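1. Got a predicted structure here, sequence first:
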Amino acid sequence: MSNLHRSEFLNEVKKFFPEVTDKFNQQDGLLSFEVDVFVQFTQNQIDSSSLEQTKLALILLDKYYQNGNKALHELIRNAVCEDLNFSDTINTKRAWAYSFLSAQLKTERNSWLKFMGYSGV
C-alpha cells in the first residue's frame, strides 16, 4: 500500500469517466460516498455489459486498492466484497466481469464470501 489519496482517485476517475463528476460533487467531500458512487457506476457498467468501461473501472479500483492510502484501501475492499454483484440472473449476465477483477481483489472477495457463508462469485 502506498499513499495515493482521495484527490488523485477522484481526478483519475473523472478523467476516464466524466459522467460521474456531478454525482461526486454531490457527496459533500465524503470519501465513503464518493467510492460508493464509483462502485455503483461500475455495477451499472457490468449490468449493461459494457466491456471496456467495466474493465477500466475495475483496473482503477484495483490501482487505488493496491496503492491508495488506508482509507481508500479499506473502502474499496469493502465495496468490492459487499457491493459488486458478479452473479448472473435470467435477464442480466454479470459473471463475465469477474475475470477482470485482480487476483488480490478476488482473494479478498472470496475470503469475505466464505466468511459470510455465501458461495459463488
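-> Thanks, I have it.

2. what about the nearest residue to residue 42 once chain neighbours are set aside, distance to residue 30?
-> Once flanking residues are discounted, residue 42 sits nearest to residue 57: 4.1 Å by CB to CB, 6 or more residues apart in numbering. The way it works is simple: take the backbone N, C-alpha and C, and place the C-beta from them, glycine included. Counting by CB to CB, to the nearest Å, the gap from residue 57 to residue 30 is 20 Å.

3. could you pull out the helices for this structure?
-> 6-16, 21-25, 31-47, 51-67, 70-82, 95-98, 103-116 (DSSP state H).

4. Same list (those helices) but as a markdown table, adding distance to residue 88, mean neighbour count and mean pLDDT.
-> Output for these, formatted as a markdown table (distance: least, CB to CB, whole Å; neighbours: other CB atoms under 10 Å; pLDDT from 0 to 100):
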| stretch | distance to residue 88 | mean neighbour count | mean pLDDT |
| --- | --- | --- | --- |
| helix 6-16 | 27 | 16 | 95 |
| helix 21-25 | 27 | 14 | 89 |
| helix 31-47 | 11 | 19 | 95 |
| helix 51-67 | 15 | 18 | 97 |
| helix 70-82 | 18 | 18 | 93 |
| helix 95-98 | 5 | 16 | 96 |
| helix 103-116 | 16 | 14 | 89 |
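
5. Distance to residue 89 for those - can I get that in TSV?
-> Converted to TSV, the helices of the chain look like this (distance: least, CB to CB, whole Å):
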stretch	distance to residue 89
helix 6-16	27
helix 21-25	25
helix 31-47	10
helix 51-67	17
helix 70-82	18
helix 95-98	10
helix 103-116	17
